[in-house]
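Asker: Pasting the sequence and the predicted model now:
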Amino acid sequence: MKDKLPLILLIVVGFMGLTDRFLPHPAPEHLNQYMRDTLLRIISAFALILGLGNLILRHMNRIRKKSTDWPHSYTLLISFFVASVIGLFGGVAGELWFPTRVGTFDFNITTIYNQMLIPLGASMFSLLAFYMASAAYRSFRARNWLAILLLGSAFIVMLGQVPIGYRISPAIPEISQWIMEVPNTAAKRGIELGITLGVLATFLKILSGIERSWLGSGR
Amino acid sequence: MNLSTDIWVWVGVFLTFCIYSFLYRDNPFYKFGEHLFVGVSNAFTLSFMVHRIIIPILVRPFTEAWRTAGSEGLSAGLFNPYAPSNFLVIIPGVIGCFYFARFIPGLTWLVRIPIALFMGYYVGRSVPAYLEGSVFPQMRGTMLTQASFDPAQGGILGGIFALLVLVGVIGTLTYFFFSKEHKGVVKWGAQTGIVFVMVGFGASFGFTVMARVSLAIGRFIFILRDALGIVT
């Protein structure tokens, strides 16, 4: 029962999803739409609540045990609760009863997203540019001809995307474009085909009940 | 210099410097920015999910069905899952609650039911989607046909490039094929493949670096233009 019921459910709904586009009849179409738009969306919302609960508990534990960097857990928890109150009771665009505007100062959750999360996210990702440059210096040393290929193509693609590349030679942007369209496409296509076929094989193993690791430890 | 009077702009500048302080070394300002990012982004996701999923798809149909049942009495329409207001939305709600069964000793296995429904449906749905959206178009794009040499597609040169793509794809697949020892023809195929793989990785690296540099330029422009008003 504990293993069989979830496994049967998985196989039944799996075949429902699999046959969705092969059964052009209103009944399976409605059922599939209900699965996608209602049932699975509600289930995924609960999964998110579980994840958030886990995050809160973990940081509360960090504070209780005074683990490494525990004061920063306060930052996380306070920012989470304050932003949650603003978002939940103020609405996505500040349309609900909780006030999200003081004079001309707007602080609804969408403004917080635009003014705090976007700068933070962009800064974090751009930080990688500095580290990639130093990593490239260490790893791209031309030790053999394959490393020279890697270094050369990276260099040409980088030069091809900035005005100085065109200034050096108008051919550089064209060579960069050719690298992206021919050898890069070939390599990416080969890798992607391999990955997709592997994923499909795993999916079929899950659907046929051969792969059961998702059932967990069996407790 | 034309300093901004918008508080949010200065919040953005402060957070940008918090993150960039990591270039010196790991420090409390960076950690503050990092934890703030996790806290606020999760709060945003929670608010969005409550206002876009929980209330309109779960709570509102149920409360409206309840209200209708109170004023007009129970009817078959209130148990139609496709109706805008119905009692059956409670079923996905209950199944969703099974995620919390992992905290109840003896009932932990119930957590497998929402996982089975979610995973099963999307695994099943993904099989034809992957075939139609990835495998077939990739294979179609790799095939060398008479049309590859069409003057509109680049003529002879376009055909040679298409042939190179075909050789590259076969070579890359051979390089990652480990079921046969890389000897003889397979070895040659794999060696051709590694050439394409190295050029491809280099190109991807260059492309990613430029995307990150572009983001960094965006941040500097934000500080110099939006906050300090030095550049226009």
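Answerer: Nice, I can see it.

Asker: Can you report how many residues lie near residue A:20?
Answerer: 21 (other C-beta atoms under 10 Å in any protein chain shown). In this view, the C-beta of every residue, glycine as well, is placed from N, C-alpha and C.

Asker: Then residue B:202?
Answerer: The burial count for residue B:202: 28, using other C-beta under 10 Å.

Asker: show me the contacts for it.
Answerer: By C-beta atoms under 8 Å, 6 or more residues apart in numbering or on different chains, the contact set of residue B:202 is A:149-155, A:157.

Asker: let's go with 6 Å and repeat that
Answerer: Residue B:202 makes contact with A:150, A:153-154 under the criterion C-beta atoms under 6 Å, 6 or more residues apart in numbering or on different chains.

Asker: Show me what the helix or strand of chain A with the lowest mean pLDDT is packed against.
Answerer: Here the helix or strand of chain A ranked lowest by mean pLDDT, DSSP states H and E is helix A:118-139, holding a mean of 85. Packing contacts for helix A:118-139, counted by 3 or more C-beta pairs under 6 Å, 6 or more residues apart in numbering or on different chains; DSSP states H and E, involve helix B:7-20, helix B:185-221.

Asker: Just want the angle from the shortest one to helix B:185-221.
Answerer: When axes from the mean of the first three to the mean of the last three C-alpha atoms, to 10 degrees is applied, the directions of helix B:7-20 and helix B:185-221 differ by 140 degrees.

Asker: what's the angle between helix B:7-20 and helix A:118-139?
Answerer: 20 degrees.

Asker: What residues sit buried inside helix B:7-20?
Answerer: Using 16 or more other C-beta atoms under 10 Å in any protein chain shown as the test for burial, helix B:7-20 gives B:8-9, B:12-13, B:15-16, B:18-20.

Asker: likewise the longest one?
Answerer: By neighbour count with 16+ other C-beta under 10 Å, helix B:185-221 contains the buried residues B:189-190, B:192-210, B:212-213, B:215-216, B:219.

Asker: still on that earlier bit, in strands only, show me the contacts of residue B:202.
Answerer: Among those, no member falls in strands (DSSP state E).

Asker: got the CA positions of stretch A:87-98 in CSV?
Answerer: The C-alpha trace of stretch A:87-98 is given here as CSV (Å, rounded to 0.1, in the frame of the first residue of the first chain):
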residue,chain,number,x,y,z
GLY,A,87,3.1,41.2,0.0
LEU,A,88,0.3,39.1,1.6
PHE,A,89,-1.7,42.0,3.1
GLY,A,90,-0.7,44.8,0.7
GLY,A,91,-1.2,42.7,-2.5
VAL,A,92,1.1,42.2,-5.4
ALA,A,93,0.8,45.9,-6.5
GLY,A,94,-0.3,47.4,-3.2
GLU,A,95,-4.0,47.1,-4.0
LEU,A,96,-5.1,45.5,-0.7
TRP,A,97,-5.8,47.1,2.7
PHE,A,98,-2.3,47.1,4.1
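
Asker: picking that back up, and the buried residues of helix B:7-20, which two are furthest apart?
Answerer: B:8 and B:20 (18.5 Å; C-beta to C-beta).

Asker: about what we covered before: keep only the contacts of residue B:202 that also lie close to chain B.
Answerer: Near chain B, taking C-beta under 6 Å from any C-beta of the partner chain as the test, the members of the contacts of residue B:202 found are A:150, A:153-154.

Asker: hmm, which of those are the buried ones?
Answerer: Here, 16+ other C-beta under 10 Å leaves A:150, A:153-154 buried among the ones next to chain B among the contacts of residue B:202.

Asker: Generate CSV for these, with distance to residue A:195 and pLDDT as supplementary columns.
Answerer: Shown next, in CSV, are these (distance: C-beta to C-beta, whole Å; pLDDT from 0 to 100):
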residue, distance to residue A:195, pLDDT
A:150, 21, 90
A:153, 21, 93
A:154, 22, 91
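
Asker: The buried residues of helix B:7-20 into JSON lines, with extra columns for distance to chain A?
Answerer: Putting the buried residues of helix B:7-20 into JSON lines (distance: C-beta to the nearest C-beta, whole Å) gives the following:
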{"residue": "B:8", "distance to chain A": "4"}
{"residue": "B:9", "distance to chain A": "8"}
{"residue": "B:12", "distance to chain A": "4"}
{"residue": "B:13", "distance to chain A": "8"}
{"residue": "B:15", "distance to chain A": "5"}
{"residue": "B:16", "distance to chain A": "5"}
{"residue": "B:18", "distance to chain A": "8"}
{"residue": "B:19", "distance to chain A": "4"}
{"residue": "B:20", "distance to chain A": "6"}
